[in-house]
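> How does the following fold in three dimensions:
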Amino acid sequence: MNNQSLEDVLASVGNPVKLLRNSQIGPYAFPVVRPEFSNWRDEQRAWKETCALLDQSHHMTDLYVEGPDALKLLSDLGVNSFKNFRVNQAKQFTACNHNGHVIGDVILFYLDTNKFNLVGRPPACNWVQYHVEKGRYNATAVRDERSADNRGHRRTFRYQVQGPHALRVMEKVTGKPAPDIRFFNMDTMTIAGHSVRALRHGMVGQPGWELFGPWEDAEEVRSAILEGGRDFGIRQVGSRAYPTTCLESGWIPSPLPAIYTGEEMKEYRKWLKATSYEAKASLGGSFYSDNIADYYLTPYDLGYGPFVKFDHEFVGRQALEKIDQSRRKKVTLVWNKDDVKAAWGTQFDEGDTAKYIDLPLANYSTLPFDKVLKDGKTVGVSTYTGYTYNERVMLSLGVVDCQYSEVGTGVAIVWGEENGGSPKPTVERHRQTTIRATVASVPYAETARVAYRPQ
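The predicted structure is shown next:
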């Protein structure tokens, strides 16, 4: 098995959908970090009301790419423009297959001359590493795996300090005015005597920074931030609350990597191991098709249209130039609270219940795809679901046909899987249920919350 490739596994199974539907892996893992430091409700409140310290050190893959051709490599693979990309900047790097469907996205840090760091879920990092190893570029790649996949410490710690008091916290921690850094630009801070890189960031509309530095400095930096934030209500955020930030910010973290079809991708599938993310990820939810390509998403579907720049040649450019950008749109879906209560209530009934809705994050597979209906017709998919105590609602992020994307449109979500559920360990025997939902803006804006919250 260790010598097998993804292509070998697909040949033995016959259909990528069957492979992913029957995967025994559950939702994306957030290892090492405690589930809760206090309770997930107050931890969610912290990034909205006071200040939150989020530990990102363990759940993401880091790929360090270096060399004279490193920038050209990234430009050849990314839909983004690199014309004005400079040292001490970052961007959301998005890579597509030859047909313009998303393989994955990560945050790309321009660390130094000819030196870059890609940080995120594995698919985009895998795609970049593959092209480095093909040898067409004068570049090298060094991989630092997620804590779930390695036996040693990471190269780099990575924290976020976010919330309305983040500025005051960082001024207390550094003993000087916080540097005036433009959004997605970087500078250096000194914390507890250690030099720390700081990316100007924002999460769910709140100010903040992403801080990173050598692993051996992690605990001293963390302790200094917590001590400096004590008077400002800082809270550490555990691994239960952390992934729900996406619901409020509107970022879909779990597109299915568009690599399972096409002759152009065959050599890549041979390069990917049978133990790779792409081979092990689980597909779940009520949206079902035997054609894996029906699960693929374009940059436009994911709201990445502004990133796509045709000022350079890149994999997928010709296809993206022809794709109808206005066919589908990313939205927030606000679940009807009475329907959610009713689904929850079945847990106390005899017989098959509705699929369990976990809180605060309800995803039970790595790649969640639920049907979105309008008048009984499938008009989109819901791809990431959870509860936010800040808004007191269940939300999911979805992609729907544009004619149904207007804020306030009523739709329905089919929750649960066909035929009582798949053999994934996270799926109990259950029956599907339909939950009404209302289309809201993304990110989930206050006007949408007030005017269109289901009653």
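
> ok, the residue most central in space within the chain - contacts?
A centroid search over the chain (Cα atoms, centre = their mean) returns Pro253, at 1.9 Å, as the residue closest to the centre. Contacts here follow Cβ atoms under 8 Å, 6 or more residues apart in numbering; on that basis Pro253 touches 28, 121, 243, 246, 384. Heads up, the C-betas are built off the backbone N, CA and C, glycines and all.

> Which helix or strand contains the last one?
Element membership for Tyr384, per DSSP states H and E: strand 377-388.

> Give me the helices and strands touching that strand, please.
Strand 377-388 sits against helix 245-249, strand 328-335, strand 367-368, strand 370-374, strand 393-401, strand 410-415, with contacts defined as 3 or more Cβ pairs under 8 Å, 6 or more residues apart in numbering; DSSP states H and E.

> Save those as JSON lines, and put in distance to His153 too.
Output for the helices and strands packed on strand 377-388, formatted as JSON lines (distance: least, Cβ to Cβ, whole Å):
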{"stretch": "helix 245-249", "distance to His153": "25"}
{"stretch": "strand 328-335", "distance to His153": "37"}
{"stretch": "strand 367-368", "distance to His153": "29"}
{"stretch": "strand 370-374", "distance to His153": "38"}
{"stretch": "strand 393-401", "distance to His153": "33"}
{"stretch": "strand 410-415", "distance to His153": "40"}
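
> Which one of the ones you listed has the poorest average confidence?
When the helices and strands packed on strand 377-388 are compared by mean pLDDT, helix 245-249 comes last with a mean of 92.

> Would you mind pulling the contact partners of it?
Judged by Cβ under 8 Å, 6+ apart, the contacts made with helix 245-249 from elsewhere in the structure are 47, 54, 203-205, 252-253, 332, 384-386, 388, 390-391, 395-397, 443-444.

> Now which of these would you call buried?
Among the contacts of helix 245-249, those scoring as buried are 47, 54, 203-204, 252-253, 332, 384-386, 388, 390-391, 395-397, 443-444 (criterion: 16 or more other Cβ atoms under 10 Å).

> which residues of this protein fall in helices?
Taking DSSP state H to define them, one finds helices in the chain at 6-13, 16-21, 40-49, 70-77, 122-133, 166-174, 218-228, 245-249, 266-271, 277-280, 317-322, 337-345, 446-452.

> Of all those helices, which one is nearest Leu367?
Shortest separation from Leu367 across the helices of the chain is recorded for helix 16-21, at 6.7 Å, computed as Cβ to Cβ.

> Show me which positions of the closest one end up buried.
Residues of helix 16-21 classed as buried: 16-17, 19-21 (neighbour count, 16+ other Cβ under 10 Å).

> cool, stretch 84-95 as well?
Within stretch 84-95, the residues that count as buried by 16+ other Cβ under 10 Å are 85, 90-91, 93-95.

> With distance to Val102 as added columns, please give the residues you listed in a markdown table.
Conversion of the buried residues of stretch 84-95 to a markdown table gives the following (distance: Cβ to Cβ, whole Å):
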| residue | distance to Val102 |
| --- | --- |
| Phe85 | 20 |
| Ala90 | 19 |
| Lys91 | 15 |
| Phe93 | 11 |
| Thr94 | 6 |
| Ala95 | 7 |
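
> Just those: which are in strands?
90-91, 93-95 (DSSP state E).

> Ile357 and Ala342 touch, don't they?
No: because the distance of 10.9 Å does not satisfy Cβ atoms under 8 Å, Ile357 is recorded as not touching Ala342.

> between the two, who's got more neighbours?
More neighbours sit around Ile357 than around the other of Ile357 and Ala342, counting by other Cβ atoms under 10 Å; the figures are 20 against 13.

> Could you give the backbone dihedrals for that one?
Summarising the backbone geometry of Ile357 under the convention degrees, to the nearest 10, its torsions are phi -100, psi 100.

> Could you do Pro27 as well?
In this entry, Pro27 is assigned phi and psi values of phi -70, psi 170 (degrees, to the nearest 10).

> Now for the closest residue to it other than its chain neighbours: which residues touch it?
When the adjacent residues along the chain are set aside, Pro27 lies closest to Asn363, with 4.5 Å between them (Cβ to Cβ, 6 or more residues apart in numbering). With contacts defined as Cβ under 8 Å, 6+ apart, the neighbours of Asn363 are 27-28, 254, 284, 384-386.

> hang on, the earlier thing: mind putting the buried residues of helix 16-21 into TSV with distance to Gly351 and pLDDT?
As requested, those are arranged in TSV below (distance: Cβ to Cβ, whole Å; pLDDT from 0 to 100):
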residue	distance to Gly351	pLDDT
Pro16	34	98
Val17	29	98
Leu19	31	97
Leu20	29	98
Arg21	24	96
